[in-house]
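>>> Give me the fold of what follows.
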Amino acid sequence: MNNYLCIDPRDRFVVKDGRPYLGQRPHGGEAVRIDGQSWAVRVPEEYVDRQASDVGGEVAAGLEFLTEPKLARVVALLRHRDNFRFDPSDGSPLTFDEDGIIGHGERHSPIFPRIDPAVIGIVELAGRNQILLGRNAFRSRGFFSLIAGYVDPGETLEQAFAREVLEETGRRVHDITYWGSQPWPPSGSLMIGFHAFTDDIDATAETDGELAETRWVDAHTIGEVTLPRSGSIAHQMISDWLANH
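Residues are numbered from 1 along each chain as shown. Next up, the predicted model:
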């Protein structure tokens, strides 16, 4: 039956007529259930390229479809199966249930997919209609994005966002409000978005060196920098801010 979405280790799959292509299940490969009628299965990169050629489709990146909950879910689940092969308590190999979601080792205790909370957000200069963007010092792609980072144990989400902004930019924020969220399967994260204000034009503390550059931009100068790809929460948040300024 043609009800298998084949996804390679780079989270690429075939798209035909604007939709993910469902085909027959290949030999081997680990599968997770998409819904009652379809599955996603991990395949080598060359399989996806060959499938695209055979059916007259195109190869698409999973990141382009993260706004579709079912696809975001199966990308995350396949990543979980790639990364978690053994029970962390006793080292025994994991076997997964029929849906390919919950793993069990020799103790038969359930191992659920891991989700790591991360914060991201707009930092707006109070009274100036400008937002702060940063360029990562360790990535080859030189786009400017919002300030983001993982939540530490014992922190609230708001505390984590304020800490990340201070560590990465040296700015202090206030009036932190929730914006929205987005799953980010490539890293097993749940991105929680915030908006906050700062009175600090310049850094008031030493930074951790994660950002190579920070820049204040407004609605007129934001076109001077390369922004995150569409489909990401960072792009959505920046677009939303621009629409209101």
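>>> rest of the way, CA atoms for contacts and neighbours
OK.
>>> roughly how far apart are Asp99 and Arg33?
For Asp99, the distance to Arg33 under the criterion CA to CA, to the nearest Å works out to 5 Å.
>>> Now the lengthiest strand in the chain: buried residues?
Under DSSP state E, the strand in the chain containing the largest number of residues is strand 173-184. The neighbour-count check on strand 173-184 (16 or more other CA atoms under 10 Å) flags 173, 176, 182-184 as buried.
>>> I'd assumed Leu227 was in a helix, is it?
No: per DSSP: H, G, I helix; E, B strand; the rest coil, Leu227 lies outside any helix segment and is coil.
>>> Around it, how many other residues sit close by?
Applying the criterion other CA atoms under 10 Å, we find 18 residues in the vicinity of Leu227.
>>> Report the contact partners of it.
With CA atoms under 8 Å, 6 or more residues apart in numbering as the criterion, the residues that contact Leu227 are 143-145, 235.
>>> can I get those in JSON lines with distance to Pro117 and neighbour count?
Rendered in JSON lines, the data for the contacts of Leu227 read as follows (distance: CA to CA, whole Å; neighbours: other CA atoms under 10 Å):
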{"residue": "Phe143", "distance to Pro117": "23", "neighbour count": "15"}
{"residue": "Phe144", "distance to Pro117": "22", "neighbour count": "21"}
{"residue": "Ser145", "distance to Pro117": "18", "neighbour count": "23"}
{"residue": "His235", "distance to Pro117": "19", "neighbour count": "16"}
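>>> Looking at these, which are in helices?
Filtering these for membership in helices, criterion DSSP state H, returns His235.
>>> Give me the pLDDT for Ile115.
The predicted structure scores Ile115 at 91 on the pLDDT scale.
>>> From Ala196, how far off is it?
Between Ile115 and Ala196 the distance is 25 Å, computed by CA to CA.
>>> who's more crowded, those two?
Set side by side, Ile115 and Ala196 give different neighbour counts by other CA under 10 Å, the larger being at Ala196 (23 against 15).
>>> Run through the bridge partners of the residue lying closest to Ile233 once chain neighbours are set aside.
By the measure of CA to CA, 6 or more residues apart in numbering, the closest residue to Ile233 outside its immediate chain neighbours is Gln182, 6.2 Å from it. Assessed by DSSP bridges, Gln182 has beta-bridge partners Met191.
>>> In this model Leu190 seems to touch Gln182, though I could be wrong.
Yes: in this structure, Gln182 sits in contact with Leu190. The criterion is CA atoms under 8 Å, and the distance is 6.0 Å.
>>> Please parse the protein into its domains.
The chain is divided into the following domains under automatic domain parsing: 4-83, 116-243.
>>> Kindly check the end-to-end length of the longest one for me.
Between the opening and closing residues of domain 116-243 there is a gap of 30 Å (CA to CA).
>>> Who are the contact partners of the residue nearest the centre of the chain?
Central residue of the chain (CA atoms, centre = their mean): Trp184, 2.2 Å from the mean position. Residues counted as contacts of Trp184 (CA under 8 Å, 6+ apart) are 66, 72, 76, 190-191.
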